[in-house]
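> for reference, the sequence and a predicted model appear below.
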Amino acid sequence: MKLDILKTLQELNFTEYEAKAYLALLEESPLSGYAIALNSGVPRSKIYQVLAELTERGEIFVSLETPVLYTPLPPKELIAKRKRKAETAFHAAEKALERYTFTAQYRENIWNITGHEAIINRVKEVIKKATSRILIEIWAEDANELKDDLEAASMRGIEVIIVSYGDLSFDFAKVYSHDSSDQITFEYGGRWIIMSIDNKEVVAGIVSLGNDSRAAWTAHPALVMPITEVIIHDLYIMEMLNKHRSILEASFGPDLIELRKRFNSDSPWFSAHEMLGLNE
């Protein structure tokens, strides 16, 4: 038990000798420096230096009588004092490192993320940084993993716009349901996610392969711009279909299939359907 307490004190940044001296005073006080050395096992040659450090930090108190006696700060007060000190240090570090966070965000790196869980976790972290708008293309089953995070962003006043493959009812977001979800899943080789926040940072990749899922995360302008525009152009198409579906489908077939055939003729979905005569 005593060894556990000593270890705990050391985890609070006490040295070994400081922890032993403080614990000796908790067990019996007030004590002289000589008695503390005897009870704690701290060498007599070190004890007064150790007591001076503890006194300077306000973690033990010293009397003005002769012989000089010492008594400990009560444990609850010690813990509260350490908490306040840690919180102050964390706050100062957060402020000091803000400019480095900003700089790191715009470094021209493209980071590879492996595995479904890691990709979803990175997306959640990126969502937390949004300040104005989130654009995201996602399959409904994957969107549900992000519902709480996206809703929290919306509650912060962030505009959330989703192109959904499959039915999705998020009343806090503007949701566009993409046509031909099964066909697109087949063409892409699985379920993908494409997300842009504030036109500054993107995550894009396949998320349906379990541990083999792969995505890229970057703030590189040369990739942020085109990936963001991919989502925006899909939104253009969704809006045009909502307003003029009959006219567009008269020219390009149901769900604009003729356009997809023209520009995706080498996809495995179209190849399979041509063989079966299903694209006639």
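Nice, I can see it. Residues are numbered from 1 along each chain as shown.

> what ranges does the chain have for its strands?
For the chain, the strands defined by DSSP state E occupy 31-32, 60-62, 69-72, 110-114, 133-139, 159-165, 174-177, 192-197, 201-206, 214-218.

> ok, residues contacting the second one?
The reference is to strand 60-62. By Cβ atoms under 8 Å, 6 or more residues apart in numbering, the surrounding residues in contact with strand 60-62 are Ala21, Tyr22, Leu25, Leu51, Leu54, Thr55, Val68, Leu69, Tyr70, Thr71, Pro72, Leu73. Just so you know, the C-beta spots here come from the backbone N, C-alpha and C atoms, and that holds for glycine as well.

> one more: stretch 27-39?
21, 24-25, 42-44, 47-48, 51, 63, 67-72.

> hmm, what's the outermost residue in this structure?
Relative to the mean C-alpha coordinate of the chain, counting by Cα atoms, centre = their mean, the farthest residue is Thr66 (57.6 Å).

> now do the phi/psi pair for it.
Dihedral angles of Thr66 (phi, psi; degrees, to the nearest 10) stand at phi -120, psi 120.

> from Gly205, how far off is it?
Distance of Thr66 to Gly205, given as Cβ to Cβ, to the nearest Å: 74 Å.

> where does the prediction get shaky in the stretch 101-250 of the chain?
101-108, 179-189 (pLDDT under 70).

> let's see it at 90
101-111, 141, 165-167, 169, 177-190, 219-222, 233-250 (pLDDT under 90).

> helices of that one, start to end?
Under the criterion DSSP state H, counting those that start in this stretch, the stretch 101-250 of the chain carries helices at the ranges 116-129, 140-143, 147-155, 181-188, 221-252.

> how about those in a markdown table, adding mean neighbour count?
A markdown table is the format used below for the helices of the stretch 101-250 of the chain (neighbours: other Cβ atoms under 10 Å):
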| stretch | mean neighbour count |
| --- | --- |
| helix 116-129 | 17 |
| helix 140-143 | 18 |
| helix 147-155 | 16 |
| helix 181-188 | 16 |
| helix 221-252 | 14 |
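
> redo those as JSON lines? Include distance to Glu77.
Below are the helices of the stretch 101-250 of the chain laid out as JSON lines (distance: least, Cβ to Cβ, whole Å):
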{"stretch": "helix 116-129", "distance to Glu77": "36"}
{"stretch": "helix 140-143", "distance to Glu77": "49"}
{"stretch": "helix 147-155", "distance to Glu77": "37"}
{"stretch": "helix 181-188", "distance to Glu77": "61"}
{"stretch": "helix 221-252", "distance to Glu77": "51"}
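
> from Ile127, how far out is Glu141?
Separation of Glu141 from Ile127 (Cβ to Cβ): 18 Å.

> if we can go back for a sec, adding distance to Glu87 and mean neighbour count, write the strands of the chain out as a markdown table.
Putting the strands of the chain into a markdown table (distance: least, Cβ to Cβ, whole Å; neighbours: other Cβ atoms under 10 Å) gives the following:
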| stretch | distance to Glu87 | mean neighbour count |
| --- | --- | --- |
| strand 31-32 | 32 | 18 |
| strand 60-62 | 23 | 18 |
| strand 69-72 | 23 | 19 |
| strand 110-114 | 31 | 14 |
| strand 133-139 | 31 | 22 |
| strand 159-165 | 33 | 20 |
| strand 174-177 | 39 | 15 |
| strand 192-197 | 29 | 23 |
| strand 201-206 | 29 | 22 |
| strand 214-218 | 31 | 19 |
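
> relative to Ile232, which of these is closest?
Taking Cβ to Cβ, strand 133-139 is the member of the strands of the chain nearest to Ile232, at 7.0 Å.
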